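Asker: The sequence isn't on hand, but the structure is:
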């Protein structure tokens with residue numbers, strides 16, 4: 001029997017406010033370290049999806065459903081990362097306009 005998992009459990013890239021507070025209480029985590037960690041997670045999702053696709057092409061597996069799920073997870077993670085990047089750049093540009 002197949003187990004259906006919640007999408008939110010699999011796609012969480014950023015910690016919730018409570019988790020971020022707990023992280024900061026346990027040890028001081030810099031924004032740079034957190035950003036690097038989350039970008040590495042996005043990269044791992046892409047690498048996993050690529051590896052699964054390669055296995056399917058070479059005939060090592062026939063589970064197309066898991067491949068599609070892994071690919072979609074990687075795509076959504078990358079889309080979220082690009083959206084966050086665009087917001088950060090937009091905020092930076094707005095700050096720069098305010099200083100002039």
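Answerer: Thanks, I have it. What you see is a predicted model, and the numbers here were worked out from it, not measured in a lab.
Asker: quick one, what contacts residue 45?
Answerer: Residue 45 makes contacts with 70, 73, 74, 77, as judged by Cβ atoms under 8 Å, 6 or more residues apart in numbering. For glycine as for every other residue, the C-beta is placed from the backbone atoms N, C-alpha and C.
Asker: quick one: which of those has the most company?
Answerer: Neighbour counts for these (other Cβ atoms under 10 Å) peak at residue 77, which has 23 neighbours.
Asker: Okay, and that residue sits in which element?
Answerer: For residue 77, the host element (DSSP states H and E) is helix 64-99.
Asker: Of the contacts of residue 45, which is the nearest to residue 62?
Answerer: Among the contacts of residue 45, residue 70 lies closest to residue 62 (Cβ to Cβ), at 14.6 Å.
Asker: buried residues in stretch 72-86?
Answerer: Across stretch 72-86, burial judged by 16 or more other Cβ atoms under 10 Å covers 73, 74, 76, 77, 81.
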